[in-house]
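Q: Sequence first, then the predicted structure:
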Amino acid sequence: MGDRSAATTIFRAGERIFWPPVLLAAKLRHIRLFMDLSFVYSPKNHFRSLLVASILIFSIAVVDWATKPYMSLGLLYLFPIMLAGGFLRRLEIFALSLFCAILHEVFSSFPYPDPVRTAMVTIAFTGTGFFISELIRNRQLMASHLEEVEEQIRFRRDAEDQLEMLIETSPAAIITMDSSGTILHANEAARQLFAPDEICLAGHSIRSYLPDLYSALRNYNSKILRTAMQCKGQRQNGEAFLAATWFSTYKASVGSRLAAIVVDLSEELRDREELSLNHLLKNARLLVGGVCHEIRNLCSAVSVVQKNLSHVPGLPENRDFQALQTLAEGLMNVASVELRPSPENRITPVDLHPVLDELRILIQTSFAEAGMIVDWRIPEHLPLVWADRYGLVQVFLNITKNSLRAMTSCTQKELTVTVLRNHNAVLVRFEDTGPGVREPERLFRPFQFEADMNGLGLYISKAILQTFHGDLRYEPRVQGSCFTASLMAASGETQTSE
């Protein structure tokens, strides 16, 4: 039996010496938890701790009374004071300490009471209670601050994750680079835009892809820039494209940094230029038609004069007179161009709300600088209209520019834009407080000598509206002028302004 006990003792000793690391860590955690008594001062243990402190004080007083002739247990009052000090205010701690000091003096083994001794004991108990109170308060503040820091770290980590996800999933190319133009970070869109064959753009120089952006970074190294520009970009395979770049520089601990958002505008440029060319050709055709119309009127007058001169004896046999007749007929044939809608003019249903919003953006600065007021009276629900969006904007812009010029010298400067529903049509009315039109019958005629731009603006505007079955007319007013654009409704469905 002795050998077996000795072997057991040796085995247990070896077990303690060669304790597995995992079990040792678990045991240390239990020991640390046991030694950490902060849970005793948890707010949820407030009533329980005060009750235990009261029981301890009563128990110590009873035992001290029972053992009065033999020993004094007043030192034990420190433990209930320490227990209650974490929950009581300073005045309450002082009162409890004074009460325990009195109990200590009453039930002690000293032959007579001593106020000095009572005061010293009260000070000792109060100091202990204050120490515990401050210790617990500081620990709670530290725990609260630690929770706030952890929460801020968690929020910051979530924000960083969301920002990183936003950057990586953005359709626009986003890159950051250092002062030397070396790319530090680029999202997937940037890789697809500049170098689809590369796995990562980090470490490459932006000079190979955006030389103008590289120059901006190098030339303004000491300045903070927040601007945008359009520049030429180049892909890794040498293909050039038009890049719209929004970039800003910022200072870091290691020098200047630059963050940029890059978008490929090549497709938009091609579409815009093609659209501009189509409308230029369309307006040129309308202009040529107007010129031919005027030439045809002049040729008709020449033909009448020639017919009258043909009754003069001997003049019809004159070769010059015959040549003049041939020239007049040829000029009439040249001027026989009709203002027909172009076969390429495809009209579509257009919502007037975004068209008028675009018009507002285009004219609001000019009218505000001239001290003029624009009153927009647009209902919320409007039907779609058959039109060409670009041509409609050009017509409305021309009418408003005419009103702007007309009201320059007027005292009252106000333009009212009203949209009305009229059966199967939509009327867009432009009323201004200008001097009005002196000769309304001469409106919409090209090549008027007293008009601005040879009087072609209203003529072309009316012709543009007629190409998609609309019309432009002048409505007389006692004061000012009013132009109404009539557009054909596309359907009975209405569009709601957002």
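A: Here it is on my side, so go on.

Q: what sits against the nearest residue to residue 61 once chain neighbours are set aside?
A: Nearest non-adjacent residue to residue 61, counting by Cβ to Cβ, 6 or more residues apart in numbering: residue 103, 4.9 Å away. For the C-beta atoms, the positions are set from N, CA and C on the backbone; glycine is no exception. With contacts defined as Cβ atoms under 8 Å, 6 or more residues apart in numbering, residue 103 is in contact with 57, 60, 61, 64, 74, 77.

Q: Below-threshold pLDDT in the protein: ranges please.
A: Within the chain, the ranges that satisfy pLDDT under 70 run 1-39, 68-71, 109-111, 219-223, 269-294, 296-297, 322, 330-346, 444-456, 492-498.

Q: Show me how it divides into domains.
A: 2-36, 40-141, 170-264, 269-334, 348-496 (automatic domain parsing).

Q: ok, residue 490 touching residue 385?
A: Yes: with contact defined as Cβ atoms under 8 Å, residue 490 reaches residue 385; the gap is 5.8 Å.

Q: and for these two, which residues touch both?
A: With Cβ under 8 Å, 6+ apart as the test, residue 490 and residue 385 both reach 349, 350.

Q: Comparing the two, which residue is more hemmed in?
A: residue 385 (27 against 18; other Cβ atoms under 10 Å).

Q: ok, now which ones touch the more buried one?
A: 349, 350, 352, 426, 470, 487, 488, 489, 490.

Q: Identify the bridge partners of it.
A: Judged by DSSP bridges, the bridge partners of residue 385 are residue 350, residue 489.

Q: Mind checking the domains of the chain for the one nearest to residue 156?
A: Among those, the nearest to residue 156 by Cβ to Cβ is domain 170-264 (18.3 Å).

Q: so what does the helix of greatest length in the chain touch, helix or strand wise?
A: Longest helix of the chain, by residue count under DSSP state H: helix 115-169. Packing partners of helix 115-169 (3 or more Cβ pairs under 8 Å, 6 or more residues apart in numbering; DSSP states H and E): helix 78-85, helix 90-106.

Q: Centre of the chain to the last one, how far?
A: To tie it back to what came earlier, the one meant is helix 90-106. 65 Å (Cα atoms, centre = their mean, to the nearest Å).

Q: Now that helix: buried residues?
A: 93, 94, 96, 97, 98, 99, 100, 101, 103, 104, 105 (16 or more other Cβ atoms under 10 Å).

Q: hmm, back to that, any chance of the helices and strands packed on helix 115-169 in TSV, plus distance to residue 173?
A: What follows is those, written out as TSV (distance: least, Cβ to Cβ, whole Å):
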stretch	distance to residue 173
helix 78-85	63
helix 90-106	63
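
Q: Roughly how far does the residue nearest to residue 61 sit from residue 62?
A: Per Cβ to Cβ, to the nearest Å, residue 103 is found 10 Å from residue 62.

Q: just residue 476 next, same as before
A: In terms of Cβ to Cβ, residue 476 sits 113 Å off from residue 62.

Q: neighbour-wise, which of these two wins?
A: Each of residue 476 and residue 62 has its neighbours counted (other Cβ under 10 Å); residue 62 has more, 12 against 9.

Q: Could you look up the SS state of the more buried one?
A: Using DSSP: H, G, I helix; E, B strand; the rest coil, the three-state assignment for residue 62 comes out as helix.

Q: Look up how far residue 188 lies from the residue nearest to residue 61.
A: 77 Å.

Q: so what's residue 118 up against?
A: 101, 102, 104, 105.

Q: one step back: of all the contacts of residue 385, which comes closest to residue 205?
A: For those, the nearest to residue 205 is residue 350 (47.1 Å; Cβ to Cβ).

Q: Would you mind listing the buried residues in the helix or strand where residue 460 lies?
A: Element membership of residue 460 [criterion: DSSP states H and E] is helix 456-467. By 16+ other Cβ under 10 Å, the buried positions in helix 456-467 come out as 456, 457, 458, 459, 460, 461, 462, 463, 464, 465, 467.

Q: Give me the contacts around stretch 475-483.
A: 399, 402-403, 406, 429-437, 440, 458, 472-474, 484.

Q: Mind checking which of those residues are in strands?
A: 429, 430, 431, 432, 472, 473, 474, 484 (DSSP state E).

Q: In PyMOL, select just the buried ones from those residues.
A: Burial among the ones in strands among the contacts of stretch 475-483 is assessed by 16+ other Cβ under 10 Å; the matching PyMOL selection reads:
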select buried, resi 429+430+431+432+472+474+484
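
Q: Now distance to residue 252 too, for the ones in strands among the contacts of stretch 475-483, in a markdown table please.
A: Putting the ones in strands among the contacts of stretch 475-483 into a markdown table (distance: Cβ to Cβ, whole Å) gives the following:
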| residue | distance to residue 252 |
| --- | --- |
| 429 | 58 |
| 430 | 55 |
| 431 | 58 |
| 432 | 56 |
| 472 | 60 |
| 473 | 64 |
| 474 | 64 |
| 484 | 61 |
